[in-house]
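Chemist: Using only what follows, build the 3D model:
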Amino acid sequence: MVQQALAETIGTALLLSAVVGSGIMAERLAGGHEGLALLANALATAAALAALILAFGPVSGGHFNPAVTLFMALRGELAWVRALPYVLAQLTGGVLGVWVAHLMFDIGILARGLQERSSAGLWAGEIVATAGLLFTIWATARERPGAVPWAVASWILAACWFTSSTAFANPAATIARSLTPTFAGIAWRSAPAFIGAQVVGVGLAVALAAALTPAPRPRP
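Modeler: Numbers count the residues shown, from 1 in each chain. This is a model prediction of the structure:
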C-alpha cells in the first residue's frame, strides 16, 4: 500500500506541475491570445497525463484523481480501505505539484486562486467532463486496457475545449488549483461547487456503468 500511495502522490504532483506550469508558460508566450494559451495548456496536460498513467499505472493504477478512486470503490473494483490512502495521496500530491510549478516560474509558493469560475453552465461542464472521463476509463478498460492512457488523454484534450469549465474533472486538482493565481487557477470560493459537480459526475458515471453491466462482487 505504501508503494501505491507514493506513486499516487508523485504522479498527482507531476500532473499538477504540468497543468499549472504549462498554463504559466502558455500565458507568457501567447501574447494575450487566450485561445492559443488554452490550446498549449490542454496539449501539455493531455501529454503529461498519458505519460504518467503509463509510468505509474503498473504500480497504483494511475488514478491521480479522487473521482476515479471513488468511482472504482463504488463499483466494487477497489476496496474502501485502499481508497482513503489513495485520496489522501492525491490531495497531497496536487498541492505539492502546484508548489513545484511556482518554484520553477519564480512565483511565491503560498498563494491563492483569483479566477472566479461560478455559474450553472460551468458546473454543468464539470458534470459532463467528470462523467465522460470516468465512462471513458471504464469502457476502454473492459476491452482494451492498454489503450486507457491514450483514451484518457484524448478525452481531457477534447473536454478542455468543448466543456465550458475547461474540464477540471478532478477534486484534487481543483483544490490544488485554488492555490495558484496563474492561468490554470480557480478562486477558492469557486472550488467547492466545482467539486460538488464532479461528485455528481461520479454518480452519473456509476449509474451509466451499472446500466450497461452489473457491478462485480466487492473484494474480500
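Chemist: residues in contact with Pro149?
Modeler: When contacts are counted by CB atoms under 8 Å, 6 or more residues apart in numbering, Pro149 touches 49-51, 53-54, 57, 62. Bear in mind the C-beta positions are built from the backbone N, C-alpha and C, glycine included.
Chemist: what separates the host helix or strand of Ile24 from the chain centre, distance-wise?
Modeler: Here Ile24, judged by DSSP states H and E, is contained in helix 2-29. On the basis of CA atoms, centre = their mean, to the nearest Å, helix 2-29 sits 10 Å off its chain's mean C-alpha point.
Chemist: what ranges do the helices span in this protein?
Modeler: Using DSSP state H, the helices assigned to the chain run over residues 2-29, 34-60, 66-74, 80-104, 120-143, 148-162, 171-177, 191-212.
Chemist: Just send these back as CSV, with mean pLDDT and distance to Leu110 too.
Modeler: Putting these into CSV (pLDDT from 0 to 100; distance: least, CB to CB, whole Å) gives the following:
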stretch, mean pLDDT, distance to Leu110
helix 2-29, 96, 14
helix 34-60, 96, 23
helix 66-74, 97, 23
helix 80-104, 97, 8
helix 120-143, 96, 26
helix 148-162, 97, 27
helix 171-177, 98, 13
helix 191-212, 96, 17
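Chemist: Deepest in the core, which of these is it.
Modeler: Sort the helices of the chain by mean neighbour count, taking mean count of other CB atoms under 10 Å, and helix 171-177 sits at the top with a mean of 28.
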